[in-house]
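Participant: A predicted structure for the sequence below; I have some questions about it.
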Amino acid sequence: MKNINVARHRAISPQAKQQMIKFKQEMAEDFLWRNKKIEKNQK
């Protein structure tokens, strides 16, 4: 039970939010880059 509360607190912290945003941006960029690569290969 204690671990759940710690995880919840960590998720709310601004640092964790920034890391999550950065991670999501990197994932989105990687996704777009892969799509472009796939489009080039299909032509």
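Facilitator: Thanks, I have it.

Participant: the longest helix in the protein is where?
Facilitator: The longest helix of the chain (DSSP state H) is helix 14-42.

Participant: rounded mean pLDDT for that helix, please.
Facilitator: When pLDDT is averaged over helix 14-42, the result is 90.

Participant: mind listing what's buried in that helix?
Facilitator: By neighbour count with 16 or more other CB atoms under 10 Å, helix 14-42 contains no buried residues. Every residue, glycine included, has its C-beta placed from N, CA and C.

Participant: so what secondary structure elements neighbour that helix?
Facilitator: Contact partners of helix 14-42 among helices and strands, from 3 or more CB pairs under 8 Å, 6 or more residues apart in numbering; DSSP states H and E: none.

Participant: rerun at 10 Å
Facilitator: Contact here means 3 or more CB pairs under 10 Å, 6 or more residues apart in numbering; DSSP states H and E; on that basis helix 14-42 packs against helix 2-12.
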